[in-house]
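Fold the following for me, if possible:
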Amino acid sequence: MFVPRRTSAVATRTTAASRGRAPALISWREAVPAPVVLLSGAEDLLAQRARQRIRARLRESGADLQIHQLDAATYAAGQLTMLASPSLFGETILIEATGLAAMTDDFLTDALAYVANPEPEVYLVLWHAGGNRGKKLLDALRSGVVPTVDCQPLKRDSDKTDFVTGEFHAARRRIEVDAVRALVNAVGSSLPELASACAQLIADTETTVDADTVERYYGGRVEATAFKVADAALSGNSVRAMATLRHAFATGVDPVPLVAALAMKVRAVAKVYGLRGSSAALAGPLSMAPWQIDQARREASRFTEEQLAAALTALAAADAQVKGESRDPEYAVESAVMLIAGN
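Take a look at the predicted model:
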């Protein structure tokens, strides 16, 4: 059981802080109650998950919890002090402040004063989505080693893969590596949709989730179709690539995400082309998962350096054409697919 332990939010120091280094970011999965917690980053889902986890940990401790919400963008002087005042009934108080990226001057003043001397039995969670507004407060929090939760959007496929794996691990369920990749390809453009898809698969299935299961649920999505075209083209299967592409056009798929998927796949091939070393060793420097490196290497074996350069050039032209430079964007995509698949 979690037992809240009170410490000063800013007075507490560690060796790292004394040397001027900012505290390391922690995952939302590691967020725990503290006198003050900073959620840093624009991804609403991760900030929401962190807040939910902190609430749950406080309730696990048996605390009679009183929760208040504050919008820093519309804040008026004195609100924080009023909400943090000790309860007559001895309740634990949790204050969740959002909108710090557009905080008022009054909020900045009151928050600076509060974090220097937080109230006992009060927990303040601050969400700053990004930008320079409130820099003085952010500097004070970081110098005080306030726990900082990473809520930055997940942009790399490897981060999205880790997210999916974590969702299934937390639910004590298994999902195959190919299924993780298929799910990220299908709905990975939106983290809330990716989380919802994980929840649906966990709820609807009882055995290990495989790629076929993901295909049944999400194979018709635009993102999934785009990656099917890209996979077929990179593998040299021009018949399947063109058939999938023309079916996509027939069902109204926009050419733009198709080109984007092709470009991402070809860029991955270009990243690994000619590199030596294990996939595990290259994963960090390339910002790719080991399985992505293995796949890109297999696909790279079909290309010479000149052919790869021609593919990248064709995709750059196709990207411009599907965004308005051509009256026939579908032909532009078909030409790029045929060039890549025909190598």
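
how about low-confidence regions in the stretch 51-200 of the chain?
For the stretch 51-200 of the chain, no stretch has pLDDT under 70.

Would you map the helices across it?
79-83, 105-116, 135-143, 157-170, 177-187, 191-204 (DSSP state H, counting those that start in this stretch).

got the angle for the fourth one vs helix 191-204?
I take that to be helix 157-170. Using axes from the mean of the first three to the mean of the last three C-alpha atoms, to 10 degrees, one finds that helix 157-170 and helix 191-204 are set 30 degrees apart in direction.

again, but for the fifth one
For helix 177-187 against helix 191-204, the angle between stretch directions is 130 degrees (the same axes, to 10 degrees).

Next, the buried residues of helix 177-187.
Neighbour counts over helix 177-187 (16 or more other C-beta atoms under 10 Å) mark Ala179, Val180, Arg181, Ala182, Leu183, Val184, Asn185, Ala186, Val187 as buried. Quick note: C-beta positions are derived from backbone N, CA and C, even for glycine.

before we move on, back to that, could you point out which of the helices of the stretch 51-200 of the chain sits nearest Leu124?
The minimum distance between Leu124 and the helices of the stretch 51-200 of the chain falls on helix 105-116, with 7.0 Å, by C-beta to C-beta.

from the chain's centre, how far out does the closest one sit?
30 Å (C-alpha atoms, centre = their mean, to the nearest Å).

what's that helix in contact with?
Helix 105-116 has contacts (C-beta atoms under 8 Å, 6 or more residues apart in numbering) with 9-11, 36, 70, 72, 75-81, 84, 97, 100, 103, 124, 126, 134, 136-137, 140-141, 144, 146.

buried subset of those?
Burial by neighbour count, 16+ other C-beta under 10 Å: within these this picks out 9-10, 36, 70, 72, 75, 79-80, 84, 97, 100, 103, 124, 126, 134, 137, 140-141, 144, 146.

There's contact between Glu215 and Arg181 in this structure, I believe.
No: Glu215 is beyond contact range of Arg181, at 11.7 Å (criterion: C-beta atoms under 8 Å).

Tell me which residue lies farthest from the centre of the protein.
Leu88 (41.1 Å; C-alpha atoms, centre = their mean).

Would you quantify the distance from that residue to Glu96?
According to C-beta to C-beta, to the nearest Å, Leu88 and Glu96 sit 22 Å apart.

Asp64 too?
If you measure Asp64 against Glu96 using C-beta to C-beta, the figure is 17 Å.
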